[in-house]
Structures are given as structure tokens and as C-alpha cells.
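> My questions are about this predicted structure, shown below with the sequence.
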Amino acid sequence: MPQSNQKRFNLHLPGLLEVLAGSLYSTSKVGLRELIQNAHDSCVRRQVEQPNDDYQPEINIITNYKKEQLIISDNGHGLSAEDIETYLATIGRSYTGELKGELSLLDRNEASDLIGQFGFGFLSAFLIADEVTLITRSCQPNAEALAWHSMGGEHYTLEPTDKEESGTTVILRVKPGTGFIFNEEVLIETVQQFADFLPIPIHINHSPFPVNLMTPPWADTDPNRATQEYIARTFDQTEDPLCIIQLSDQRVDLGHDVIDLPLKGFLFVPGSSTASIREYGHLTVFIRRMFICNNQKNLLPQWAKFVQGVIDSSYLQPTASREHIHEDEAFFAIQQAIEKQLSDALRQIAEEEPTTWRRIVWGHSSVIVGWAARDPDFFSLVADLVPFRTSRGQLTLPEYLKFTQKTIFYTSRTLGTLQEQLLAEGNQQPVIDAKWFAVEPFLKKYAEWHPHLKLVNLDDDIQHLLKPVSDRFFTRIINFYQQRGIQPQLVSFKPHSVPALMIYPEDAEFLTEAQQAIDNQELPGPFANLVDDYLKHKPDTSDMKGTLYLNSSCELLQHLAAETIPEAPFEATLILVHQIARLFSGRMLTAKGASEAFATATQAIKALVQPQE
Amino acid sequence: MSVWDWVFHFRLTATEEEDNITHILFLYSQANTPDQQLSRAEEGYKMAEQLGLDWWKLLFEHLRIQTLLYYKGDYQAGLEAAIRATVEARKAVYDQSPQRICVHEDLIRAHLGIDPLGQSEMIEQALHYMENEIAPDYECRFCLQALKISMHLVQDQFEDAQKAAEYYLGLTEEDNHHHWSDACGSLSYIAAQRGQWKKSLDWSQKGEKIAQKGDKDYDEAEHLAWQAVAYSHLGQEQKALQAYQKAVAKAASTSHFMPYSYYEALSQYHEACHEPQLALKIWERYLEKLKNQGQHFKEFNCRRECCRLRAQLGQPLEPLLSEAKALAQKLKNPERYLKELDEAIQ
């Protein structure tokens, strides 16, 4: 392209600042983070370029509500005029980024201590300020102190000033709407969130002690104690964690090379959880000790919804705003490393600390049931320990099978499963409540792993608990019901105290609804025809009214069948038996239908208690 | 609004709890086996039920139906699920749900696999209704077109099927791998039915290339199978064999339930190579997969072909013949099927 055609891009700084403030960063608090980060990097730069054992890096944050000022100062390297022109006032160019590159080439460890990289972090100061003054003195010999000033427009001023010590002081005139700066508690919390692990003490408003820990718990001389204290301080937990797992660098064999993936941090299992409402499975992420994000869900394996933690890895790549991490190869490598260390640790706990393991599984049973089936190794660790709701309270599957030997009975219907439970318990067999969506897949997986076991869903397989018998001696009762359009069937079942059960086909509610939809013309014409055709091919729809299974083993029915009972009490008793069975089934009843059933039952009771005329 | 537009917007405002449900959707797409797909669809449905998210219920139900029809080949269960979904979708809460159209298509698709000729009038009415229901820019218009082609083909209406397939091709674009490949497949099949082998070969080769780009192994397998048939009729035996072998290898690598036309192609290839015994084996293998799946129409056709080849080979027809006759009774107007059977074994 001919040189005469080449143009320069025009940069509209206020517009760029608006983009940063409005779109790149999610919160103005990030401005504070960036300034702290710059202060930290300045101190590290001084340590790198002018090593000195006597040097004590320090960051101070001072707020002045009356003057609407926030002042952040460090005793780091400071900036020369050239630094300011080249890096501070050149958007996108970062001294820290370039220094990191140089240090990396020289294979120097200090590269990993530097945080900044993108070259526009300083601009984020304008997230919290509408005027920024920077007073700085480089620690290079004969450096002059300089004052840089900007109101966020396209121009800035730079002039000599007085400053004795090396370092930088950033004075911000705080914008309206960023009042959190002047709430010391919030300010401390914010600094702790972002910079708790930075190894440079940060003092707020002349606090005698730094507000940040400076040392992450895993780097403490007693990591487990430090981690426990950190968890209590940082996470909203009312109970002590059930276990803590310290993470470490992961050796990875790439075939042509072996590398150590940098990975520090810890995982922990909180006291308890509840599926969906209080699940975990997320991590707080740091990179080079600087907070990036919390609630990072994809680094932990899917089944680990009972685990939480904190990690720090320089291998992860932050996004431009440094509030998230890229889900790239590095991310997946770290993800795999975490899964391996977590799985190994849990296996060890399961083998060597069975009591702890049981507490973990019981305390987090709902999330474990929900997610365990996804991973065979994890499933094998928990399958025999997870408790399930049964008609006899919470039982693990081995405990359950002691009652039933080789069969697992369960119901998964949301409506009226009490009579299935009653029948099964009548045969001394508890029933597992599989209403919650994750239970049935778990049971199926368990049955797959134990092929000798039989899985019986009582929703559609209740018949084998009802033994057919001859109705020869119950003719009067059978006729009574048939004459009233009720479909009776004589069987024998336990418990014998129950005279009758009303059982409907599994899909009775749906078929009734579908028929109503057709009758009320709620479906588009052609689809109504297709649905209607389907319904016509279903077995006898009179089944939808249900079948009244009469218990031949019940003394009451035997008495009614054997004795010559007068008509009135005979009828009243049978009406009552029917209505009780209907109400007990909990199915195919609207509010109106239930009310009518009660009314009929009440009439029957009245007929029984009134003196015979 | 397409389904995916809606899912995207849902994520923007989802609570943490609700976001779990989009994760199950992702897990469904990552499932390795049809059973895993089913389990995730069912899980998603129950979670949606508990969270009171009606549109999500319908979406997972649609995915469950798709798994049953396309991956498990279980048309009985698929039909039942499609009926339930259609009844559910009538409710006012679904008026704007994009899923409502999908479940209507599912119902038509299920019927096409069970008794398309017996239900032809109702199916055609439903297809006509769908034409008016689907907006011109809505993705479901492709599926509708595919259904119309299938309906023409079962009725041997090749001219209408050709027009519909050309229209389908015109609707879609090459980078819409699935539908473009599908349209090519239809055109290849139609040409094969008409004995236009060069054309059939051309279309199947085009379809194969697009299916490769879209990583659609099952589509690719079908295209290759029809290439084998075309090559064998064009006297290019070596290429026919290569295409056949590739088709079988591709089909083995997918968990998709391979369709009737795939087995039809493999069998036709063997017949073209004068290998009726192998052709019979192909149909018998397919029959094992079709048993008790509720695909009455396809199962009958498969049984009919088995009977035809057995008769040709002088092999016993029972119990296959009786079973075919019994199956014909499950279809409307069984006489036409019984007549076909008689003609096939003579």
C-alpha cells in the first residue's frame, strides 16, 4: 500500500473509557483492584531491578471523605518521565507485560510474580474517579519526581514536583456512585477479596496491621490450620468442613516431555448441602495470588457438587478484564489435574477414614445421588453408602436389601404412591421413594452393577403383590359394586386389615386429560385426530375409572360375604369401603370429586349409626 | 424466535439454580449413548418440572422423543411420548414456545414410522396445518419439508417427492450440513427408485461430502450405501465394493439407529451383485433391530423382503410368513399388505 494512503487510527479516549467502564469490567471495584495490582507490581519491579535486603515493600490506602479522595501509595519502583510517556500514556502497552516477557526469556522466577499484562489496567482508575493525579519518583539514581494529572479526557499534564521517597502515590477524586470507597468495612472486604494473598502488606487508613493475609493458607507453615481459619473467615459456613484437600503442582507426561502444571490451593467439603438449593461445585480462582473470580463452575468435575475451594495457577489465562478465565487448553489441563487430585483424595478418605467418608456421603446425599451416576469411579465409592427415603425412613441400599434380599421396590410417580407402599410393607418389604428425578437413574445404575438384583417400579407393576382368588363366596359383594358401575376384582393381599384398594392404570390421568382435550376441542384439528386415533387403540378406556381390588383376606369382607347382613348396613358398609379406597388412592380425584367422596362416605356412616327402623 | 435464541436469552437471566438446567442440556448433547441421552433428557424434564419451567419441560420432552425415534428406533415409546407432548403443548403457556412446533413434527414423524399409509389422510392434514403454522424463516420448515418427502415416498409418489426434495434443497444452504445432506439423500434415493443411477450417484456423493463436513457419520453411511448400489448398476464393481465397505464401517461408528433406507441400499447392492443370500442376511439383521420397536410399517416391509428372498432361495418361509401376516393385521387395511406379501413370495 503506498505510504501516502496510510493513516493513523484516531483514539477517542473518553469513548474508550466508557467502553471499559460500561462493557469490559463488571464492577467499579475492579478499578481498585487494578490500582493495587499496579502498586504490587511496582514493588516487585523494584525488588527485581534493585535487589536490596533492607527493602520493605508496602502499600497504603487512605480515604478522605471530605475531600472525596482515595489515595493509594506504594514505595515501589516509581515511574520516570519516559515510563509515563511510554507505558502510562500509551494505551495497550504494559511495562509489566514487557518486563514479564524479558524475565521469562531469562528464565527468571520473578516473571511469575508480576500480575499485569494488558496495558490498560491503569485506565480502570477512571471507573472510580473522574480526576486522577499520580505523583511518582523513580528509584533510579537522579530521578526527578513527577506529577501526572488527567481528568479522563484526551490530554494530561506532566510536570516536576516534590517527592522524597521512591514510589508512586495515586490520588483519585472519587466519582459519585462509588461510595463504597468510604465505607471502611466494605473497602477492607474488597481489598481482602482481591488482594488477600499478595505478599505485600496493605494498610488502610493507617491501620497498624495489614488488612490482607499476605500468605495464602497453603503457603502457611501449618497449611491445614491456616486453611481451616481461612474457610471460617471467608466462606459462609456454619459448620466445620468435613475434609480439606490441599492441591499441589501436577506432573503431566506429555509423551515428548514432562511438565509440572502449577497448581496451588485447596478443596473442601462443607458440612452439608441440598440439591439445587445449596449446591457447591465451584471454585474461587486466583492467578499469581490476585483474585480473578469466584463461582467458577467448570473446573471441578460435574459430580463434585459437594466440593468447594480456592485455587491459584499461573497456567490459567485471564480474560482482558481479568474477571474470568479463558476455557482453553490450559484450563482443561488444570481441570483434569484437579479431578485427579480430588478423586485420589476422596478414595483415600473412603479407604482410610470410613467415618468421615460416611459423613460426607450422608451430608451431601442429594447432590451425590444427583450426579454420581455420571462417573463410574465415583459411583463405586458412594453407591453403597448413599441413603434413600423409604417407607421405613432413610436406608442405604445394602440396608434395604437385607429386608428384600434381591429386589428393589420403588415408586417414582408424584401422585398417590401410598397404597403401593402399603402393599409392599404388608409383605414386609420397604419401598424406596424415587420421586426425585435423580433417584431412579441411580437405582438403575446400581442394578446394572449388581445383575442379580431385580428392580421393580411399583407404579406399573403392582399386580404381583395382589394374589387373584375365586370370587365364588363374594358374589353378593361383587354384584353390589357391578350394579353401581364400579369394577371390582377379588384378590388377596396384605395387610389383611385393608378391605379394598382403588387402583388406576399408570397413565390414567394422562389418558383422561387427552380425552378431555379432544372433547373440549383444545387441540388443533389434525392433531386432535391423531391423538384420538391413538386413544382408540388403547386398551379398554373404562379402566380409567379404576378397579376396586377387594381383599378376600380381610375379616370385614369375609363377614359381609358370609353373614346375612340386612340391606341397609350392608350397602352403607360397602359404599364406605369404596369411598375410603378412592380417597386413599389419591388419584383421579379433583377437589370437587374428593368433596363428593367425603359426602358419600359421611352419608354411609350416618346410615350405619342411625338406629334400624 | 428459534429454540436456541430462547435458550440463549434464558441463560442471560437465569439464576444459579436455573442455570443447572442449561447444563443438563449441554450434557445431553455430549452423551455418548442413546441411553445416556435418554437419562439426561428425563433428568432435565424432572428438574424443569420441579423448577416450574414449562418451556424447558417441553424442550426435554422433545429431545427425549428425538432420542427414542432416531437413536433407539423405539417408535412405540416415541409415539406415546409425542402424544403426551402434543397434549401438553396445547396449554396457553406454550403459545409462544418454539418447541410447540417441534413436538407437532415429532408426532407426525412417529406416525410415519408406524402406519403412514393407514394414517395418510390425517398425516397429510397435519402436514398442511404445519405449513401455515411455521414462519418462513423458522428452522422447523426444513424438518417439515423432510416429512413431506417421506410421505410422498411411502406412497410411491416419486414425482411429488422429487419436487419436494428440490424445494428442500433450495430452502437450505450448503453450510447447513444436516439439512443439505438430508436433501441430497432424498434426491439420491428418488433417483435410485427410478433407476437413474448416475443421478443417484451424483447426489449421494454431494451428500457424502457435506455429511463429512458436518461430522454426520450416519448420514455419510447412508450416502455411501447408495453409492454402492449406483456403482454396482453402473458396472463399477470395485468402487461399489469400496463404497459398501466404507458405509458399513461408518454405520458401525455411530450410535444412531440406522434407517430403513440404509439397509435397503445394502441389500440392493447384494442383489445387484447376484448375492441374494447376503441380501437376505442384511434384512434379517435389520429385522432383529426392528422387533418390538413399534415400527410396524417398516418391520412389515422388512419381513416382506425376507420372505421374498427366502422364497427366491427356496428356504422355508415359516415362521416369518405368519409373523408378517400377524403384523399386517396391526396396520390399517391389512388386505393390501397381505396382497403384497403374496406377490412377494410367488
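Thanks, I have it.
> from here on, contacts and neighbour counts on C-alpha atoms
Noted.
> Report the closest residue of the stretch 101-250 of chain A relative to chain B.
Using C-alpha to the nearest C-alpha, the closest approach of the stretch 101-250 of chain A to chain B is made by residue A:236 at 16.9 Å.
> And that residue, what's its pLDDT?
At residue A:236, the model reports a pLDDT of 74.
> that's a strand at it, yeah?
No - counting by DSSP: H, G, I helix; E, B strand; the rest coil, residue A:236 is not part of a strand but coil.
> in the stretch 451-600 of chain A, what spans have low per-residue confidence?
A:539-543 (pLDDT under 70).
> so where do the strands sit in it?
Remark: strands assigned in the stretch 451-600 of chain A by DSSP state E, counting those that start in this stretch are A:454-457, A:467-468, A:487-492, A:500-503, A:547-551.
> Pick the most buried one from the ones you listed.
Of the strands of the stretch 451-600 of chain A, the one with the most neighbours on average (mean count of other C-alpha atoms under 10 Å in any protein chain shown) is strand A:500-503, at a mean of 26.
> Can you tell me which residues in chain B are near chain A?
B:17, B:20, B:39, B:42-43, B:46-47, B:83-84, B:86-87, B:90, B:104, B:122-123, B:125-126, B:129 (C-alpha under 8 Å from any C-alpha of the partner chain).
> so who does the closest residue to residue B:160 other than its chain neighbours touch?
In space, and not counting its chain neighbours, residue B:160 is closest to residue B:152: 6.4 Å by C-alpha to C-alpha, 6 or more residues apart in numbering or on different chains. Neighbouring residues of residue B:152 by C-alpha atoms under 8 Å, 6 or more residues apart in numbering or on different chains: B:158, B:160-161.
> what do you get for residue B:141?
The neighbours of residue B:141, taking C-alpha under 8 Å, 6+ apart as the test, are B:131, B:134-135.
> Output the residues you listed in TSV; the columns should cover pLDDT, secondary structure and distance to residue A:393.
Shown next, in TSV, are the contacts of residue B:141 (pLDDT from 0 to 100; DSSP: H, G, I helix; E, B strand; the rest coil; distance: C-alpha to C-alpha, whole Å):
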residue	pLDDT	secondary structure	distance to residue A:393
B:131	87	helix	55
B:134	82	coil	52
B:135	76	coil	54
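> And these, which is closest to chain A?
Closest to chain A out of the contacts of residue B:141 is residue B:131 (12.4 Å), distances taken as C-alpha to the nearest C-alpha.
> remind me which residues of the stretch 51-200 of chain B are low pLDDT?
Under the criterion pLDDT under 70, the flagged ranges of the stretch 51-200 of chain B are B:137.
> closest point of it to chain A, which residue?
Nearest to chain A, among the residues of the stretch 51-200 of chain B, is residue B:126, at 4.9 Å (C-alpha to the nearest C-alpha).
> Surely that residue touches residue A:526?
Yes - Residue B:126 is within contact range of residue A:526, at 4.9 Å (criterion: C-alpha atoms under 8 Å).
> okay, these two: which has more neighbours?
The neighbour comparison of residue B:126 against residue A:526 (other C-alpha atoms under 10 Å in any protein chain shown) goes to residue B:126, with 22 against 19.
> mind listing what the more buried one touches?
Taking C-alpha under 8 Å, 6+ apart, one finds A:526-527, B:108 in contact with residue B:126.
> Quick one: residues contacting residue B:117.
Taking C-alpha under 8 Å, 6+ apart, we find residue B:117 in contact with B:154-155, B:332.
> now those residues in CSV, with neighbour count?
Listed next are the contacts of residue B:117 as CSV, based on neighbours: other C-alpha atoms under 10 Å in any protein chain shown:
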residue, neighbour count
B:154, 17
B:155, 12
B:332, 14
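> Present the residues you listed as a markdown table; the columns should include secondary structure.
Listed next are these as a markdown table, based on three-state DSSP:
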| residue | secondary structure |
| --- | --- |
| B:154 | helix |
| B:155 | coil |
| B:332 | coil |
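> and of the residues you listed, the nearest to residue B:282?
Nearest to residue B:282 out of these is residue B:154 (C-alpha to C-alpha; 20.9 Å).
> State which one residue of the stretch 201-346 of chain B is found closest to chain A.
Per C-alpha to the nearest C-alpha, residue B:330 is where the stretch 201-346 of chain B lies closest to chain A, at 10.3 Å.
> Kindly indicate whether that residue is helix, strand or coil.
At residue B:330, secondary structure determined by three-state DSSP is coil.
> need the contact list for the closest residue in space to it that isn't next to it in sequence.
Using C-alpha to C-alpha, 6+ apart and skipping the chain neighbours, the partner closest in space to residue B:330 is residue B:296 (7.4 Å). By C-alpha under 8 Å, 6+ apart, the contact list for residue B:296 reads B:113-115, B:327, B:330-331.
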